[in-house]
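# show me the folded form of this:
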Amino acid sequence: MPFFWPARGHAQSTADAPHGLSSQGVGIGIGMIGQAMDPAARICTYRGPSVEGFEHFVAVALEEEGLVVCSGVKFAVKRQTRRTTKEEQTHGYEVDLVGARSDKLVLATVKSFFGSLGVQSKEVTGAGGKTTGYMLLNDPVIRDGVVQAAADRYGYDVSQVHLRLYAGKWATTRTRDDRQITTEWCSQQIVGAGPIEVYGVDEVVSLVRKVAARKTYLNDPVIVAMKVLAEAGALKA
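The predicted structure follows:
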């Protein structure tokens with residue numbers, strides 16, 4: 001179940017908001033969840049205890065792109081379970097973060113892995129290990145199904161849907177660069193708007209620092225934490 005919260009205010013005009021939804025409409029949409037309305041209005045924001053820490057960083061970065069963000073959204077996809085009978089079952093597949101604006105819809109898989117080895121290329125590509133954690137990327141049936149379901153639900157063309165991977169930590173060793181391997185593989189996977197896009201913690205933090213550097217005070221734990229660290233001189237230039 002997605003966690004909804006009032007928007008931080010990036011949707012300043014009808015042109016910036018998802019499919020004509022004004023910034024006022026975002027607020028109205030929160031109170032109308034579950035009622036008959038434009039599905040795009042249901043994409044609000046994500047703040048709350050249910051959001052994983054690194055996901056919150058990524059969400060702030062997505063907002064800086066002018067996207068309205070929501071977390072934990074499930075999309076139903078039918079897939080064949082038995083080859084002999086061609087039986088199909090419908091399962092719900094959850095997207096960590098969904099971001100929307102008038103010209104694009106972003107479906108983001110977010111993996112922090114700060115307390116472990118890190119994101120492994122073999123798992124992302126489906127070559128080995130715990131590949132099920134990346135089914136939205138490495139299973140063509142699921143990823144195509146989710147992209148189509150998201151486009152249908154929110155009123156976008158499939159060509160406007162961007163699939164992304166955000167990695168907090170990579171499982172890179174002296175002999176293997178998992179980020180490079182993953183990025184090369186993702187560049188060959190064409191789905192929705194094009195290749196799967198890959199982002200690391202460096203790109204995320206760069207955008208978050210840009211937000212935190214502004215004088216405007218925003219009561220957001222991630223942004224305030226960056227402001228505190230900057231004030232204490234604990235951030236590198």
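# just checking, what packs against the lengthiest helix in the chain?
If you go by DSSP state H, the chain has its longest helix at helix 140-154. On a contact count with 3 or more CB pairs under 8 Å, 6 or more residues apart in numbering; DSSP states H and E, helix 140-154 meets strand 68-82, strand 87-101, strand 104-111, helix 135-138, strand 161-167, strand 190-191. (Glycine included, C-beta is placed from N, CA and C.)
# quick one, which of the ones you listed is nearest to Asp202?
strand 161-167 (10.4 Å; CB to CB).
# so how far is the helix or strand following that closest one off the chain centroid?
Next in sequence after strand 161-167, counting helices and strands by DSSP states H and E, comes helix 178-187. In terms of CA atoms, centre = their mean, to the nearest Å, the centre of helix 178-187 is found 18 Å from the chain centre.
# could you dump helix 178-187 to PDB, C-alpha only?
This file holds the C-alpha atoms of helix 178-187, laid out as PDB (Å, rounded to 0.1, in the frame of the first residue of the first chain):
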ATOM      1  CA  ASP A 178      29.900  -4.300 -10.900                       C
ATOM      2  CA  ARG A 179      28.700  -0.800 -11.700                       C
ATOM      3  CA  GLN A 180      30.300  -0.900 -15.100                       C
ATOM      4  CA  ILE A 181      29.100  -4.400 -15.900                       C
ATOM      5  CA  THR A 182      25.500  -3.500 -14.700                       C
ATOM      6  CA  THR A 183      25.500  -0.200 -16.600                       C
ATOM      7  CA  GLU A 184      26.600  -1.900 -19.800                       C
ATOM      8  CA  TRP A 185      24.000  -4.600 -19.500                       C
ATOM      9  CA  CYS A 186      21.300  -2.100 -18.700                       C
ATOM     10  CA  SER A 187      22.200  -0.100 -21.800                       C
END
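# quick one: buried residues of that helix?
178-179, 181-183, 185-186 (16 or more other CB atoms under 10 Å).
# burial measure for Asp177, as a count.
By other CB atoms under 10 Å, 15 other residues sit near Asp177.
# that one and Met135, how far apart?
Distance of Asp177 to Met135, computed by CB to CB, to the nearest Å: 24 Å.
# ok, Gly200 next?
With CB to CB as the criterion, Gly200 and Met135 are 21 Å apart.
# residues contacting the nearest residue to Ile181 once chain neighbours are set aside?
Nearest residue to Ile181, sequence neighbours excluded (CB to CB, 6 or more residues apart in numbering): Ser121, at 3.9 Å. The contact partners of Ser121, by CB atoms under 8 Å, 6 or more residues apart in numbering, come to 127, 171, 176, 178-179, 181-182, 185.
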